Each structure stands twice: as structure tokens, then as C-alpha cells.
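1. coordinates for the following, if possible.
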Amino acid sequence: MLTFLGHAAFMYETENEILIMDPWMSKSGAFDSSWYQFPSNHLLGDDVRQIIDETYKDVYIYISHEHKDHFDIPFLKSLELSKINFITPKFRRDHVASVLNKLNPKSVTTPLDSELINIGNLEIRLFLDDQEIVRDSALGLYDKASNFTFLNLNDCKVYDRVDELFEIYKKFDIFTCQFSGAVFHPVCYDYPEKKYYEISESKVNGKFGSVKNLINKFKPTLYIPAAGPPVFLDPNLIHINYQDINIFSSPFKFKKYLHDALPDLNVEVPVPGSKFYFKELQIDIEHPVDNILEMYDKKNIENYAKNYNYIFSDRENQKSTYDPLDVQRRLLVELNSKLNSFNIKQKMNILMEFSLEEIKDTSIYIDFEQNVIDILSKSKKSSDLTYEISASAGDVGRLLDGYLNWEDFMLSFRHKLKRTPDIYQVAVNGFLTMETEDVPEFVDNLMRLQNQRERITVEVGGVLYSIDKFCPHQGSDLTTHEIEDERFLICPKHRWSFDLEDEGKAVGHDASINAVDLDGDGS
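-> Numbers count the residues shown, from 1 in each chain. Here you go, the predicted model:
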């Protein structure tokens, strides 16, 4: 039996085993109380605790990666840990495994990519995406007793490994993966409303298209839209929920999209507590409520937020204790430490400005080309090529005091960003989101990707092109690309678009796959 526990969490139960996946149940939300589960699953957390307390079965908990909407440390600490066997990938950065071991559970297993784990009649494999700036995993499950397969991709974009997964599993009874956006672009960026909506709509369409194509390849018996979207209960963020267009799409909107595109596909929108029974090649479904659509109604968000006002009131009181000038000095030390490890061998003619909202006359400036950093007057800004970030002293102070890490901070949406020109740069993004100790590995990985020169040939619009085999973003194999408008090559993992008629330059990003027209004239 498979039970949906909310957001990206599932529980699979056999006669002798319980496997829980990415339980995010805490009432404190995630990313410094920025994201919250929707619909709420907090009461279900008590049920899960009781099941673990009372069961005679072996209990396993899979943690896919370190994002706090998957790695809910407060909830894990509330469990009877002497009964818990954790499973989490063997990433280069062993943060998750290290934290889990410190909890003193029954065991912690860290399998390699696609390594087989046998648990009773269950065969489990994790499929890793470990690219420094992104660290994630998917889970494949095969129940030999019932001949049932479950593929849980959650957020993990192993879109270029379809053939490998098919070779292992042959069929997929239930498939789930993230369909909603979950990044700080364009949410935190300074865009006019029209451009914000255009970017959001483009991202939604791209995400829908990628998942639809994946579903069409896997051809599961049932698809469950999960892993989002969250809601935002902080009074300073709650407006995001009510925007006419943003990247946080309703599962019902996606279900309609899939019905129009793949009318034969069986799609079931779950709520926390929905159960899926696999019997004699048939999937029976049992929901805890009659009206599922009503649970997703945004009218519920205001009441939801009122129940947690105390969290944000306490948080604001704590933020007010920080002195902005002291935070600025501490932030300078932190960023300087990052810069000292940022030994990148590429041209970076860009100036980063990091401002604290309470300080009006100075900012921290990082000149990547000259490799220098200092606190300067805002009137001395010397470059038109800038990446600007601003946040409150309290929010940055909480980051520096360890309430959250850099990636948590960026995903909290409690900052504002502006790029001039508006072009994504992997290196700048990595500099901001990486922990100081991870910066050298990130730089090495980025340089490795840029130095990969293996080439493949593709035919587009009747023209042969030679291109780099690997995407310059995060190294995805472009052999499994898509083509749009007989001109643009689309990466299968993050849908970066490369214009083959413009030497393979990325659209909206500072990167290229170095396309060469082998026919010589583009025709």
C-alpha cells in the first residue's frame, strides 16, 4: 500500500517493512519558515509517529537530498530513532548522512548511484544527480511479492536516463515527480509585472512540457502530481500565493494540461492521507475526504496563516536584535572567505553588489574580474555589468548565525535580485548559493564541464550540426535533446534552449554548446 503524506512525502508498506520517503511534516515550515506544506499535513505527522511507535515492522526512511522541504530535521528528531533505518545517497558532500548519523538511529545506509538495496521483498535503487550546484536523488522501488513498481523522481532531473530506468524496471505502475516550480527566479527578481508574468508563464509551460514528455516515455499506469507547490504564510510573502501567474502551479491545472495532451493517461491528484492499493494489476484509490479540490482552494490560506502568526511574530522580534553595521561587517568576512576559494579560470567582468536594506549609503561590492571585495559608497559603483542582491540585516544575520545555510537563504525568497544584463551566469549563482567549504569543488566541477569537448552530430531542419555533447549548465547528456522550431536545441534536464543558428548560444544565459554548421551554409 502506498500512502501520500503531503508535498513530496510517501509511505510504502508491506507485511514486514515500512518505507517512508521525504517526510516534511513540521509546523515550522521550511527555509526559515518561508515555505509551508499545502494542503497542510501537520496532523498526519502525529499519525506517522504513532505508526512507528507501535509497529513491529522494520522502518526505513529515505531522504532524497538536503532541501528542508525533504529533509525535515525537527520531525525526524521527534521519531523513535532506535527503530529507524535511514537511506540517503552517497553524495560528495555528506551533509545529510552526517546529520542523520548524529541522530543515533538504528542505521544509516548511503548507496551509490543505482546501487541495489534489498529490503525483504523490496528492491530499491537511488538515482543521483550530484553536480555541486544541484544535489538530488530519485528512488525506484520494485516489490517482488506483488510485481509492483514505483518511480519517485521528486525534484530530481534524471530526464536523460529514461533508457537506463526502463532497462531496470521494464514498467512503471505509479510514477510521481515534481510538476511545479521551486526556485527563486523570477520570484525574487526586480521585473516589471508584464515581464514577470511572461517569464513565469514560460517556465510553467517548459516544466509542464518536460514532465509530459517524461510521462509519455515512461507510460505509467498512474501518475501522481506531487512535490509541490508550497504556500507562503509569512505576512511579507503571502502575496505570492495570490499572483495571477507565477511558477507555483496548481496540480489541477497540470492535470487538465495532461488530459488535453495525453487523454489516455490516468492522473490522480492526492491529498495527505490518500492511499493507493495495487491489486491484481489494478490500482484502487482511497482519499480521506470527498472534496479534494476544496482542500487546494486558496481561500484556505488566510486561515492557515493565522494559525502560525506566532512563528512570524517571534521571528520578527529576533530579527530586530541585529545591528545592520555589524551584520554588514560579518557579511564582508563571509563573502571574502568565499571569494578566496573562488579560483575560477574564466572571464567574469561583472560586479556584485550586496546591500542591506537598512544601510542606505554603502554596499558590499565584489569585483570578480579583479578578485577584490570591499564596502564602498553606492555612488562609486563603476560597472554597468552588475548582479545586485539586497536583504534585511535581520534575515542576513540569521543566515550568518546558522539558522539556515546559503541555499536555504536563497530559497527563503527574503531577498531581492537584479541582473544587468538579465542573463543567468552559473558561476555567479554558484558563488551565492554554495557554502564556503563547497566553493572549490563547485569551481572545479564548473571548469570540468567547460573543458569537456566531446562532440556529437545532430540534424535539425535538414541541417547537420556538430555540438558539444554535454550541457554547459550542469553537464546533462544532450544526446536525448528535444528540438523546437527547427532551430532551438532543448536540454532534457533543465530545458535550457540553444540557438543552433547562432553558434549554439544559450537563450538568456551566458553559455554555448558551440554549434558548427557541417553543411556550411545553414541550409
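2. how many other residues sit next to His415?
-> 20 (other CB atoms under 10 Å). The C-beta positions use only the backbone N, C-alpha and C, and glycine is treated the same way.
3. and it, what does it touch?
-> Going by CB atoms under 8 Å, 6 or more residues apart in numbering, His415 touches 184, 188, 389-391, 395, 409.
4. same list (the residues you listed) but as a markdown table, adding secondary structure and distance to Ile52.
-> Below are the contacts of His415 laid out as a markdown table (DSSP: H, G, I helix; E, B strand; the rest coil; distance: CB to CB, whole Å):
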| residue | secondary structure | distance to Ile52 |
| --- | --- | --- |
| Phe184 | coil | 34 |
| Cys188 | coil | 38 |
| Ile389 | strand | 42 |
| Ser390 | strand | 44 |
| Ala391 | strand | 39 |
| Asp395 | helix | 35 |
| Phe409 | helix | 32 |
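5. any chance of those in JSON lines, plus neighbour count, distance to Pro472 and pLDDT?
-> Output for these, formatted as JSON lines (neighbours: other CB atoms under 10 Å; distance: CB to CB, whole Å; pLDDT from 0 to 100):
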{"residue": "Phe184", "neighbour count": "20", "distance to Pro472": "21", "pLDDT": "91"}
{"residue": "Cys188", "neighbour count": "20", "distance to Pro472": "24", "pLDDT": "96"}
{"residue": "Ile389", "neighbour count": "20", "distance to Pro472": "23", "pLDDT": "96"}
{"residue": "Ser390", "neighbour count": "18", "distance to Pro472": "29", "pLDDT": "97"}
{"residue": "Ala391", "neighbour count": "22", "distance to Pro472": "29", "pLDDT": "98"}
{"residue": "Asp395", "neighbour count": "22", "distance to Pro472": "32", "pLDDT": "98"}
{"residue": "Phe409", "neighbour count": "24", "distance to Pro472": "26", "pLDDT": "97"}
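6. so which of these comes closest to Ile283?
-> Phe184 (36.4 Å; CB to CB).
7. now that closest one: closest residue in space that isn't a chain neighbour?
-> Met410 (5.5 Å; CB to CB, 6 or more residues apart in numbering).
8. the one you found against Phe431, yeah?
-> No. In terms of CB atoms under 8 Å, Met410 does not count as a neighbour of Phe431; the distance is 11.3 Å.
9. which of the two has more neighbours?
-> Phe431 (24 against 21).
10. residue ranges in the protein under the pLDDT threshold?
-> 380-383, 449-450, 452-453, 461-462, 518-523 (pLDDT under 70).
11. if we can go back for a sec, the strand or helix carrying the residue nearest to Phe184 packs against which elements?
-> Per DSSP states H and E: Met410 is located in helix 406-411. Packing partners of helix 406-411 (3 or more CB pairs under 8 Å, 6 or more residues apart in numbering; DSSP states H and E): helix 393-400, helix 426-433.
12. alpha carbons of the first one, as CSV, please.
-> Translated: helix 393-400. Provided in CSV are the C-alpha atoms of helix 393-400 (Å, rounded to 0.1, in the frame of the first residue of the first chain):
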residue,chain,number,x,y,z
ALA,A,393,20.0,42.9,8.2
GLY,A,394,17.9,40.5,10.3
ASP,A,395,17.5,38.0,7.5
VAL,A,396,21.2,38.1,6.7
GLY,A,397,22.0,37.9,10.4
ARG,A,398,20.0,34.7,10.8
LEU,A,399,22.0,33.3,7.9
LEU,A,400,25.3,34.2,9.4
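13. in it, what's buried?
-> Neighbour counts over helix 393-400 (16 or more other CB atoms under 10 Å) mark 393-400 as buried.
14. endpoints of stretch 241-256, how far apart?
-> 20 Å (CA to CA, to the nearest Å).
15. about what we covered before: which stretch among the helices and strands packed on helix 406-411 comes nearest Met21?
-> Where these are weighed against each other on CB to CB, the nearest is helix 426-433, at 24.8 Å.
16. doesn't Phe71 make contact with Val96?
-> Yes. Using CB under 8 Å, Val96 is in contact with Phe71, at 6.0 Å.
17. just to revisit the earlier point, after the helix holding Met410, which helix or strand is next? Please name it.
-> Taking DSSP H and E, what comes next after helix 406-411 is strand 416-420.
18. same for that next one, what does it pack against?
-> With contacts defined as 3+ CB pairs under 8 Å, 6+ apart, strand 416-420 has these neighbours: strand 386-391.
19. so what strands line up beside the strand it packs on?
-> Here strand 386-391 is paired, per DSSP bridges, with strand 351-356 (parallel), strand 416-420 (antiparallel).
20. re earlier: what is in contact with Val96 and Phe71 at once?
-> Joint contacts of Val96 and Phe71 (CB under 8 Å, 6+ apart) are 63, 65.
21. which residues touch Gly45?
-> 23, 25-26, 75, 78 are the contacts of Gly45 under CB under 8 Å, 6+ apart.
22. sheet partners, orientation included, of whichever strand or helix holds Ile20?
-> Using DSSP H and E, Ile20 sits within strand 17-21. If you go by DSSP bridges, strand 17-21 pairs up with strand 9-13 (antiparallel), strand 58-62 (parallel).
23. tabulate the ones you listed (JSON lines), appending mean neighbour count and distance to Phe278.
-> What follows is those, written out as JSON lines (neighbours: other CB atoms under 10 Å; distance: least, CB to CB, whole Å):
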{"stretch": "strand 9-13", "mean neighbour count": "23", "distance to Phe278": "10"}
{"stretch": "strand 58-62", "mean neighbour count": "22", "distance to Phe278": "19"}
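24. all helices for the stretch 101-250 of the chain, in order.
-> 162-169, 193-218 (DSSP state H, counting those that start in this stretch).
25. let's see the first one as PDB, backbone CA atoms only.
-> Pointing back at helix 162-169 there. Extracted C-alpha coordinates of helix 162-169, given in PDB (Å, rounded to 0.1, in the frame of the first residue of the first chain):
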ATOM      1  CA  VAL A 162      15.000   7.100 -19.300                       C
ATOM      2  CA  ASP A 163      16.500   4.200 -21.200                       C
ATOM      3  CA  GLU A 164      18.500   3.100 -18.200                       C
ATOM      4  CA  LEU A 165      15.500   3.200 -15.900                       C
ATOM      5  CA  PHE A 166      13.400   1.200 -18.500                       C
ATOM      6  CA  GLU A 167      16.200  -1.300 -18.700                       C
ATOM      7  CA  ILE A 168      16.000  -1.900 -14.900                       C
ATOM      8  CA  TYR A 169      12.200  -1.700 -14.300                       C
END
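26. got the angle for that helix vs helix 193-218?
-> Angle of helix 162-169 versus helix 193-218, following axes from the mean of the first three to the mean of the last three CA atoms, to 10 degrees, is 40 degrees.
27. helices and strands around helix 162-169, which ones?
-> Right, helix 162-169 is packed against strand 135-143, strand 148-154, helix 193-218 by 3+ CB pairs under 8 Å, 6+ apart.
28. how about a cut-off of 10 Å?
-> With contacts taken as 3 or more CB pairs under 10 Å, 6 or more residues apart in numbering; DSSP states H and E, helix 162-169 sits against strand 122-130, strand 135-143, strand 148-154, helix 193-218.
29. report the inter-axis angle for the shortest one versus strand 122-130.
-> Spelled out, that is strand 148-154. Using the same axes, to 10 degrees: strand 148-154 against strand 122-130 is 20 degrees.
30. among the contacts of His415, which one sits closest to Thr110?
-> Phe409 (26.6 Å).
31. look up how far Ile18 lies from the spatially closest residue to Arg414 that is not a sequence neighbour.
-> Distances taken as CB to CB, 6+ apart put Asp395 closest to Arg414, at 4.7 Å, once the chain neighbours are dropped. Distance, Asp395 to Ile18, by CB to CB, to the nearest Å: 38 Å.
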